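S.K.: Next comes the sequence, and after it the predicted model I'd like to discuss.
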Amino acid sequence: MLQKDIKLLWGRAGNRCSMCRIELSQDAKAVGSSFTLGEQAHIVGENEGSARWSDSLAPEDRNGYHNLILLCPTHHTEVDKNESDWPVEKLYLQKSKHELWVKETLGDSADTEVLAKQIAVTSIIDATVELCDLQDWKIWASNALSAEPSWRLDLPDKFFEYRQRVAAAIWPREFDELRRAARRIQLRSAARLNDRSNTSCGVR
């Protein structure tokens with residue numbers, strides 16, 4: 001589940017349950033008498049055997065914004081235990097009605113602008129982790145710095161895609177430091193590929 005999808009879901013739901021509209025919290029440490037911990041419920045079930053599961057939805061779409069609805073724990077339990085009362089179509093409609101209510105009742109252009117900036121920056125962070133293999137950084141660095149450097153076959157293509165993403169990104173001015181950091185990673189990845197082309201680095 002990508003952070004940009006989570007931010008979009010919580011932002012459009014106004015941090016409120018899509019059923020009872022109780023105010024929710026994303027942080028378990030912040031839960032108090034005025035806050036209930038929100039849950040990102042799947043409309044079409046995530047796994048076979050779960051509520052409203054169907055093989056008609058692609059696996060990569062199951063954890064995306066369009067297949068999630070923000071609920072309090074009580075209503076999450078209710079919709080999953082009563083599938084006949086809460087079919088997929090009804091949940092989509094409930095989500096749309098709630099988001100429209102949030103926009104008309106709680107909507108604020110400043111909040112929308114902040115959310116848009118968060119999504120833009122989060123997408124670049126996700127791309128950095130995914131395309132630069134930061135989740136396997138120790139393995140990547142070990143292979144690159146060894147006496148006989150080796151690279152995964154798909155790494156040049158991933159670095160190239162990352163450089164394109166950074167070049168095309170729209171950066172909010174207050175995230176200039178992050179932009180510079182992404183630019184440095186972009187230049188380093190280009191240097192690594194140049195080193196590879198000038199040496200006899202192995203591939204795996």
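M.R.: Structure's in. What do you need? Residues are numbered from 1 along each chain as shown.
S.K.: show me what contacts residue 67?
M.R.: Contacts for residue 67 (C-beta atoms under 8 Å, 6 or more residues apart in numbering) come out as 42-44, 57, 61. Where C-beta positions appear, they are placed from N, C-alpha and C, glycine not excepted.
S.K.: so where's this protein shaky on pLDDT?
M.R.: 1, 26-36, 107-118, 135, 137, 140-141, 143-144, 149-152, 189-204 (pLDDT under 70).
S.K.: re the thing from before, residue 166: which of the contacts of residue 67 is nearest?
M.R.: If you rank those by distance to residue 166 using C-beta to C-beta, residue 61 comes first, at 26.0 Å.
S.K.: Can you tell me the closest non-neighbouring residue to the closest one?
M.R.: Take residue 61 and drop its neighbours on the chain: the residue closest to it by C-beta to C-beta, 6 or more residues apart in numbering is residue 67, 6.0 Å away.
S.K.: Need the contacts of residue 67 in a markdown table (columns: distance to residue 166, neighbour count and secondary structure).
M.R.: A markdown table is the format used below for those (distance: C-beta to C-beta, whole Å; neighbours: other C-beta atoms under 10 Å; DSSP: H, G, I helix; E, B strand; the rest coil):
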| residue | distance to residue 166 | neighbour count | secondary structure |
| --- | --- | --- | --- |
| 42 | 32 | 21 | strand |
| 43 | 34 | 23 | coil |
| 44 | 34 | 20 | coil |
| 57 | 31 | 19 | coil |
| 61 | 26 | 11 | helix |
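S.K.: show me where the chain has strands.
M.R.: Taking DSSP state E as the criterion, the chain carries its strands at 24-25, 36-37, 39-42, 68-71, 150-151, 202-203.
S.K.: any idea where the helices of this structure begin and end?
M.R.: Along the chain, counting by DSSP state H, helices occupy 3-12, 73-81, 88-105, 109-131, 137-145, 155-168, 176-198.
S.K.: tell me the domain boundaries of the chain?
M.R.: Domain ranges of the chain: 3-107, 110-203, per automatic domain parsing.
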